[in-house]
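# any chance you could fold what I've pasted below:
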Amino acid sequence: MYVTLIKKTIWDSRYFMLMFVICVCAFGNAVMIIDRFDSNADQYERLFPSAFNNSVFDSFINQFMVGVGEFTYDNYENNPSKSLLWMYFIAATFLTQIVFFNMLIAVMASSYEEVVEH
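Now for the predicted structure:
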């Protein structure tokens, strides 16, 4: 029963995972653009720590970490686009932590219910 439950849950959550990856990529792209293409880029520090020395991967990892609750917003105040950054941060936090993980709980509960019925 448990193996069936795990397989069913993973299969049923495929659309959730796709939407989660799209959301992380969208917010990661927006933050990367703000971080890389600001006209005063030499006057402030990077918005997030560099893990791969590649701004594309670093921005996606940063947004994934926001999605799982690890926040690194220390350099937002020094950035000229800080109000836009805070809006993205609040939107990404709300979507990934509240909306998406509640959807995941609902998908898992539905999968559990279907496995128990059969």
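# in terms of secondary structure, what does the lowest-mean-pLDDT helix or strand in the chain contact?
Here the helix or strand of the chain ranked lowest by mean pLDDT, DSSP states H and E is helix 55-67, holding a mean of 83. For helix 55-67, the packing partners by 3 or more C-beta pairs under 8 Å, 6 or more residues apart in numbering; DSSP states H and E come out as helix 14-36, helix 82-93. Quick note: C-beta positions are derived from backbone N, CA and C, even for glycine.
# turn those into CSV, columns for mean neighbour count and distance to Tyr2.
Compiled in CSV, the helices and strands packed on helix 55-67 are given as follows (neighbours: other C-beta atoms under 10 Å; distance: least, C-beta to C-beta, whole Å):
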stretch, mean neighbour count, distance to Tyr2
helix 14-36, 16, 20
helix 82-93, 15, 33
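# so which of those helices comes closest to His118?
Smallest distance to His118 across these (C-beta to C-beta): 20.1 Å, for helix 14-36.
# what about the chain, any weak spots by pLDDT?
38-45 (pLDDT under 70).
# re the thing from before, adding distance to Met108, write the helices and strands packed on helix 55-67 out as a markdown table.
As requested, the helices and strands packed on helix 55-67 are exported to a markdown table (distance: least, C-beta to C-beta, whole Å):
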| stretch | distance to Met108 |
| --- | --- |
| helix 14-36 | 9 |
| helix 82-93 | 22 |
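# and Phe71, which of these is closest to it?
Ranking the helices and strands packed on helix 55-67 by proximity to Phe71 (C-beta to C-beta) places helix 82-93 first, at 7.9 Å.
# excluding chain neighbours, what is closest to Val24?
Excluding the flanking residues, the one nearest Val24 by C-beta to C-beta, 6 or more residues apart in numbering is Gln63, at 4.8 Å.
# which residues touch that neighbour?
Each residue near Gln63 by C-beta atoms under 8 Å, 6 or more residues apart in numbering is listed here: Val24, Cys25, Phe27, Gly28, Val31, Ala92, Thr96.
# give me that answer again for 7 Å
By C-beta atoms under 7 Å, 6 or more residues apart in numbering, Gln63 lies in contact with Val24, Phe27, Gly28, Val31, Ala92.
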